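> coordinates only, no sequence provided:
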């Protein structure tokens, strides 16, 4: 299975890997006067951070730039479904950043390493 974002297999040209972070409680620590310890005031769950690293590959440098532009177009601020290589669904995920590396030759083809950051807004 391939990593897909919003139903698009943008990353199928090369290998990629997802690192799915854990959840954290948004909170305020209250130090009551005259009391011992602190009181935790919960404020909901923080979004889950997801990082994707990988390689885009194409037959020409122009085709590789087109893949990068298609990926950048997903920086729309909308929540989409992210599906990892094992088929696990990460719904309500927003792409926050796309960091492309240098474009280099890979034999007769072209390659670009990249890093993408996401947040799952409703874990």
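In hand now; what should we look at? Note that the structure is predicted; figures quoted are calculated from it, not measured. Numbers count the residues shown, from 1 in each chain.
> please make it C-alpha for all contacts and neighbour counts, starting now.
OK.
> ok, residue 13 to residue 119 distance?
23 Å (C-alpha to C-alpha, to the nearest Å).
> which one of these two has more residues nearby?
Neighbours were counted for residue 13 and for residue 119 using other C-alpha atoms under 10 Å; residue 119 has more, 22 against 16.
> partner strands of the strand ranked longest in the chain, with direction?
Of all segments of type strand in the chain, defined using DSSP state E, the longest is strand 89-106. Sheet pairing here is set by DSSP bridges, and for strand 89-106 it gives strand 80-83 (antiparallel), strand 109-120 (antiparallel).
> out of those strands, which is closest to residue 48?
Checking the strands paired with strand 89-106 against residue 48 by C-alpha to C-alpha gives strand 109-120 as the closest, at 4.9 Å.
> all the helices of the protein, in order from the start?
Listed in chain order, the helices of the chain (DSSP state H) span 61-72.
> quick check: the residue of it most remote from its centre vs residue 88, distance?
Centroid-distance maximum for the chain: residue 34 at 45.1 Å, with C-alpha atoms, centre = their mean. Applying C-alpha to C-alpha, the value for residue 34 to residue 88 is 49 Å.
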